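>>> coordinates only, sequence not included:
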């Protein structure tokens, strides 16, 4: 997977390549989905997750504005999605991936998803 992003000077672009380590498809039971990527240049491991506010609020880092913003979007009749990203150490990922074949996908997520920083909240038409 390759991502291009505009550089801070706004005159150039940089490109990063990622290896997909794990993919957690959307589940109507958990109301969320996730992916674990590794930056092929730096080796940094990133865990991204997005889902319904009711599924994500219990597992993301506390934010005093999150409940309020989700409420504002809901009052407008919008479906609210919360996006989070957590950097995993190689040790955290190794401990997680070692148990991967022996547990169900639902449980896998709970092994990784502790205090995920919120990176975005969005609202879309229902």
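Cool, the structure landed. Nothing here was measured: the structure is a model prediction, and the numbers come from that model.

>>> Whichever strand in the chain runs longest - contacts with which helices or strands?
Counting by DSSP state E, the longest strand found in the chain is strand 13-27. For strand 13-27, the contact count by 3 or more C-beta pairs under 8 Å, 6 or more residues apart in numbering; DSSP states H and E identifies strand 2-6, strand 32-39, strand 45-52, helix 90-99, helix 105-112 as packing neighbours. Where you see a C-beta, it was placed from the backbone N, CA and C, and this is true even at glycine.

>>> mind redoing it with 7 Å?
Counting contacts by 3 or more C-beta pairs under 7 Å, 6 or more residues apart in numbering; DSSP states H and E, strand 13-27 is packed against strand 2-6, strand 32-39, helix 105-112.

>>> Which of these comes out lowest on mean pLDDT?
Comparing mean pLDDT over these, the weakest stretch is helix 105-112, at a mean of 51.

>>> Quick check: buried residues in the next helix or strand after it?
Next helix or strand after helix 105-112 toward the C-terminus (DSSP states H and E): strand 118-125. Using 16 or more other C-beta atoms under 10 Å as the test for burial, strand 118-125 gives 118, 121, 123.

>>> Then stretch 21-32?
Neighbour-count burial for stretch 21-32 [16+ other C-beta under 10 Å]: 21, 22, 24, 30, 32.

>>> need the contact list for the nearest residue to the last one once chain neighbours are set aside.
Across the structure, with C-beta to C-beta, 6 or more residues apart in numbering as the measure, the residue nearest residue 32 apart from its sequence neighbours is residue 51 (2.6 Å). Contact partners of residue 51, counting by C-beta atoms under 7 Å, 6 or more residues apart in numbering, are 31, 32, 33, 81, 82.

>>> wait, isn't the first one in contact with residue 55?
Spelled out, that is residue 31. Yes - Residue 31 is in contact with residue 55 according to C-beta atoms under 7 Å; the separation is 3.9 Å.
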